[in-house]
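>>> Sequence first, then the predicted structure, then my questions.
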Amino acid sequence: MDPDTACAIYRRLSKHYPIVGGRTNFIPFDNPFESLILTILSAQTTDRSVTAVRDALFSRYPTPEALAAASPAEVEPIIRTIGFHHAKAAYIVGTAQKIVESFGGEVPRTMDELRSLPGVGRKTANIVLSHAFGINIGIAVDTHVKRVSHRLGMTDSRNPDIIERDLMALLPEGTWGEVNYLLIRHGREICTARNPQHDACFLRDLCRYYAEEVRAKSP
DNA sequence: ATCCCGAGGG
DNA sequence: CCCTCTGGAT
């Protein structure tokens, strides 16, 4: 994809999904601990589910120290309404404990250190690095980003390394944190896996998938 | 019935 | 690459 088209895509995404109050839908840009914990919790569940438990969780455990002092059994009832709560309770307590014991109570700022935390994989690490720290290590590639970027014709690969490299065309005018947020949100709200909302899509004229769909329907 | 801002383990 | 983990919304 040519750089001008990539920049146009970024500009439109940025215009349609403005970041208000330092937050994306529900994950803050300015709080590494909350960004980390919320991203761990949001795996394979809806943002609504995570938002519903967010205040109760952080009012009881506002810091890594507070969460590290808890037991998973104690945390589990608070996040019971989200999916995979049993594993996630162990993940976030274990992550808090390791932050306290191995990283001096501060969320680490390297890919390897973040991924050493239980429940933290490549996507979560990239979200925290780019959102909370402004560290440009990589694009957070999840199912939404794969689908959106492929439909737009920005990449033809399923390899996260290659997708990341291809998506760097979006970066000249934006931060990685914004790029990570914008593609994910577009995939959630408009460029959905099934029944994508072409009528509402402001990238339609640049979209390879839409063009193919139109061509397939015409006689 | 099917899906949801993944990660860990085999 | 495959499977499992999970409750809630539609």
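Happy to help now that I have it.

>>> Output the below-cut-off pLDDT ranges for chain A.
For chain A, the stretches with pLDDT under 70 are A:22-23, A:172-173, A:218-219.

>>> so where do the helices sit in chain A?
For chain A, the helices defined by DSSP state H cover A:3-16, A:32-41, A:47-60, A:64-68, A:72-75, A:85-102, A:111-115, A:122-127, A:143-152, A:160-167, A:176-189, A:208-217.

>>> What is the neighbour count of A:Ile99?
Other residues within reach of A:Ile99, judged by other Cβ atoms under 10 Å, total 24. Every C-beta, even on glycine, is put in place using the N, C-alpha and C of the backbone.

>>> ugh, wrong one, I meant A:Val145
Count around A:Val145 with other Cβ under 10 Å applied: 25.

>>> Show the contacting residues for it.
Contact partners of A:Val145, counting by Cβ atoms under 8 Å, 6 or more residues apart in numbering, are A:139, A:163, A:167, A:180, A:183-184, A:187.

>>> ok, now A:Ala169?
A:1, A:3, A:6-7, A:154 are the contacts of A:Ala169 under Cβ under 8 Å, 6+ apart.

>>> switch to 6 Å and redo it
Counting by Cβ atoms under 6 Å, 6 or more residues apart in numbering, A:Ala169 makes contact with A:1, A:3, A:6.

>>> Could you do A:Gly174 as well?
If a contact means Cβ under 6 Å, 6+ apart, then A:Gly174 has A:Tyr10 as its contacts.

>>> so how far is A:Pro62 from the residue most central in space within chain A?
Closest residue to the average C-alpha location of chain A: A:Ile127 at 5.3 Å, with Cα atoms, centre = their mean. Per Cβ to Cβ, to the nearest Å, A:Ile127 is found 20 Å from A:Pro62.

>>> who in chain A is up against DNA strand B?
Within chain A, the residues that sit near DNA strand B (Cβ under 7 Å from any atom of the strand) are A:24-27, A:39-40, A:42-47, A:49, A:83-84, A:87, A:115, A:117-125, A:127, A:142-144, A:181, A:184-185, A:188, A:192-194.

>>> Around A:His186, how many other residues sit close by?
25.

>>> per-domain residue ranges of chain A.
Structurally, chain A divides into domains by automatic domain parsing as follows: A:3-16+A:140-217, A:32-132.

>>> Number of residues surrounding the closest residue to DNA strand C within chain A?
In chain A, the residue that lies nearest DNA strand C is A:Gly83 (1.7 Å; Cβ to the nearest atom of the strand). By the criterion of other Cβ under 10 Å, A:Gly83 has 16 neighbours.
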